[in-house]
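Participant: The sequence isn't on hand, but the structure is:
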């Protein structure tokens, strides 16, 4: 799945003129989708800089238009007890993976990168 940035919003949903994270008109691969209990949608985008540890690049879905609806083969739906739900690679849903990635655990990066490459490769 790919999206094109069509507006820039701050964390409160107000339109802003610039962003250090997003570029108007740029197309991004979506690595995962998160929907909270209120229905607010966020996309985790592939904004990885070469040689840098992956960051949490989640952005409000209202900033984007969908330009490709290809659903990666490694995505699986998950539901949280808080009624939040999402889709992401099954390997990223393993207990402790998110924490390991956030803590830069060396064993987490190969898992992240493998699944990221599947997503990018299936919708070039």
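Facilitator: Thanks, I have it. What you see is a predicted model; the values in this text were computed from it and never measured.

Participant: When you work out contacts or count neighbours from here on, use the C-alpha atoms and nothing else.
Facilitator: Will do.

Participant: Could you identify the helix or strand that succeeds the helix or strand hosting residue 29?
Facilitator: Under the criterion of DSSP states H and E, residue 29 resides in strand 27-35. Counting by DSSP H and E, the next helix or strand C-terminal to strand 27-35 is strand 41-45.

Participant: what about the strands in this protein?
Facilitator: 2-5, 27-35, 41-45, 58-60, 64-68, 75-79, 85-89 (DSSP state E).

Participant: quick one: contacts of the longest one?
Facilitator: It stands for strand 27-35. Strand 27-35 is contacted by residues 1-5, 41-47, 75, 84-89, 116, 119-120 when judged by C-alpha atoms under 8 Å, 6 or more residues apart in numbering.

Participant: okay, the angle between the helix ranked longest in the chain and strand 27-35?
Facilitator: With secondary structure taken from DSSP state H, the chain has its longest helix at helix 108-122. Between helix 108-122 and strand 27-35, the angle comes out at 120 degrees (axes from the mean of the first three to the mean of the last three C-alpha atoms, to 10 degrees).
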